[in-house]
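K.L.:
sequence and predicted structure, then a few things I'm wondering about:
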Amino acid sequence: MADESTQSIVIDAPPEKIMAIIADFPSYPDWANGMKEVEVLGTRDDGRAEQVRFAIDQGPVKDEYTLKYDWAADGLSVKWELVKGTMQKAQQGSYVLTPSGTGTKVTYTLSVQLVIPMIGLFRRKAEKMILDTALKELKKRAEKAA
């Protein structure tokens with residue numbers, strides 16, 4: 001997957017608190033826009049999710065998909081890739097957390113390929129919208145809990 005979108009935001013919370021929110025998949029429907037159902041299908045020995053099934057409903061966009069996660073040992077990044085999906089044939093993404101002053105810079109990278117072909121310009125625009133929304137919601141959740 002050559003084309004990907006990347007966006008960053010600074011959150012006024014420590015990296016471990018932000019990563020705990022990212023890793024708390026069962027709570028996603030409480031704060032993540034359009035997330036209707038999340039089910040952890042398998043965990044690693046340390047309790048982190050290894051495979052997670054998502055069901056989203058954002059108006060015209062409805063999808064169900066499963067992602068496989070790879071957590072960094074230092075707790076500052078996580079990567080994922082699509083295992084199976086209804087509307088997607090590929091997805092790769094990551095969160096990278098970098099301590100920044102009193103907060104944390106969170107960088108989200110995402111690349112999605114849909115089953116139905118989409119012009120690259122529209123796909124990147126959709127990815128950027130997803131990134132923007134996800135980062136703003138993560139910031140709101142982390143700073144509210146801080």
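P.N.:
Perfect, I can see it now.
K.L.:
and the lowest-mean-pLDDT helix or strand in the chain, what's buried?
P.N.:
For the chain, using mean pLDDT, DSSP states H and E, the weakest element among its helices and strands is helix 120-145, scoring a mean of 79. By neighbour count, with 16 or more other CB atoms under 10 Å as the criterion, the buried positions of helix 120-145 are 123-124, 126-127, 130-131, 134-135, 137-139, 141-142. Quick note: C-beta positions are derived from backbone N, CA and C, even for glycine.
K.L.:
what of stretch 26-43?
P.N.:
By neighbour count on 16+ other CB under 10 Å, the buried set for stretch 26-43 is 28, 31-32, 34-35, 38, 40.
K.L.:
all the helices of this structure, residue numbers only.
P.N.:
With DSSP state H applied, the chain shows helices at 15-23, 28-31, 120-145, listed in chain order.
K.L.:
what packs against the first one?
P.N.:
Of the remaining helices and strands, those touching helix 15-23 by 3 or more CB pairs under 8 Å, 6 or more residues apart in numbering; DSSP states H and E are strand 77-85, strand 88-100, strand 103-114, helix 120-145.
K.L.:
dump these to TSV, plus distance to residue 44.
P.N.:
Formatted as TSV, these follow (distance: least, CB to CB, whole Å):
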stretch	distance to residue 44
strand 77-85	12
strand 88-100	17
strand 103-114	22
helix 120-145	22
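K.L.:
among these, which comes closest to residue 65?
P.N.:
Evaluated with CB to CB, the helices and strands packed on helix 15-23 place strand 77-85 nearest to residue 65, the distance being 3.5 Å.
K.L.:
coming back round to it: to residue 9, which of the helices and strands packed on helix 15-23 lies closest?
P.N.:
Comparing those under CB to CB, the one sitting nearest is helix 120-145, at 4.3 Å.
K.L.:
now that closest one: how far from the chain's centre is it?
P.N.:
Centre-to-centre, helix 120-145 and its host chain are 9 Å apart (CA atoms, centre = their mean, to the nearest Å).
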